[in-house]
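Enquirer: Could you look at this predicted model? Sequence included:
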Amino acid sequence: MTRLQKLLAEAGLGSRRKVEEWIRAGRLTVGGRRAKLGDRAAAGDDIRLDGRALKLGRTPAPADAPQELLLYYKPVGEVTTRRDPQRRPTVFDRLPAPRQGRWISVGRLDVNTSGLLLLTTDGALAHRLMHPSSEIEREYRVRVRGRPGPEVLGRLLMGVALEDGPARFDRIETEEARPPSGGHRSFRVVLHEGRNREVRRLWKAVGFEVSRLLRIRYGPIELPRDLRPGTSRLADPKTLARLAAAAPAGAPRARGQPARPGRSRQGERPPRRSTSK
């Protein structure tokens, strides 16, 4: 028997934090009984979300089985779930079958965001990479409507208030060498949190709408230049090892300990401590 949060997270149905939210909201049942925090379950139990039976899919890979890492270029229009009530296409529709176990996405990209999505057969690794204590950097190429000036960029680096707590970018870099003549500007932004739609909400908080968002890096792994939207590539063991080293097992950072030495460019501030999702 496994804790319900861990069981569903390792099945790729949501992060442990998300499953806890479902439990607190009374949305999950096990064997017809409303689930409580701390409940345990097995893969064969009748587990339901909002009355719909959850199928845990293929059995997890054995602990001693070689783990796999898949790099997928998610296009706009796909959702990062196994099933969608609106019957939109999901990223799992295109993925090749792993040798053993099942693919578990490392975080999510919303339906209107494209770019690098990592998937692994190692549920424990996926959990470590998504956990706030690991402070894994995410880098995006973002295009916004309008021309935010230095004061706006400074606010985004200092931090703004969102509905789920303060947030900010660790770094912002203007893409264009010269100011564009059109009504958009493009930037590269870096942050080390995975809150829902955080990049879009940060820009919205300072009065700008994101018109295009592309994730180009997750931790040490970059989106391959020759990978096309809707296609995937199996990473070699060395790449998987690099990713695992970014979030070592059994070594969560102490509260207040920085994720990495402060790095700054002109007009930028060193990274801050991650906050909870």
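Expert: Cool, the structure landed.
Enquirer: so where's the stretch 101-250 of the chain uncertain?
Expert: 177-182, 250 (pLDDT under 70).
Enquirer: what's the distance between residue 242 and residue 219?
Expert: In this structure, residue 242 and residue 219 are 8 Å apart, going by C-beta to C-beta, to the nearest Å. Where you see a C-beta, it was placed from the backbone N, CA and C, and this is true even at glycine.
Enquirer: what do you get for residue 136?
Expert: Here residue 136 is placed at a distance of 5 Å from residue 219 (C-beta to C-beta).
Enquirer: sorry, back to before: more neighbours: residue 242 and residue 219, which one.
Expert: A count of neighbours by other C-beta atoms under 10 Å puts residue 219 above the other of residue 242 and residue 219, at 21 against 15.
Enquirer: returning to that earlier point: now for residue 136 and residue 219: what residues contact both?
Expert: In terms of C-beta atoms under 8 Å, 6 or more residues apart in numbering, residue 136 and residue 219 are both contacted by the residues 129, 246-247.
Enquirer: could I get those as JSON lines with neighbour count and secondary structure?
Expert: As requested, those are exported to JSON lines (neighbours: other C-beta atoms under 10 Å; DSSP: H, G, I helix; E, B strand; the rest coil):
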{"residue": "129", "neighbour count": "21", "secondary structure": "helix"}
{"residue": "246", "neighbour count": "18", "secondary structure": "helix"}
{"residue": "247", "neighbour count": "22", "secondary structure": "coil"}
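Enquirer: SS state for residue 201?
Expert: At residue 201 the chain is in helix, as set by DSSP: H, G, I helix; E, B strand; the rest coil.
Enquirer: so what's it up against?
Expert: With contacts taken as C-beta under 8 Å, 6+ apart, residue 201 has the following neighbours: 162, 167, 195.
Enquirer: switch to 10 Å and redo it
Expert: Remark: with contacts taken as C-beta atoms under 10 Å, 6 or more residues apart in numbering, residue 201 is in contact with 160, 162-164, 167, 195, 210.
Enquirer: Pull out the buried residues from those residues.
Expert: 160, 162, 167, 195, 210 (16 or more other C-beta atoms under 10 Å).
Enquirer: so who does the first one touch?
Expert: This means residue 160. Residue 160 sits in contact with 166-169, 201-206, where contact means C-beta under 10 Å, 6+ apart.
Enquirer: Which of these ranks first by neighbour count?
Expert: Among the contacts of residue 160, residue 169 has the most neighbours (other C-beta under 10 Å), with 26 neighbours.
Enquirer: So if we follow the domain assignment, how does the chain break up?
Expert: In terms of domains, the chain is parsed into 2-53, 69-133+222-246, 137-218 (source: automatic domain parsing).
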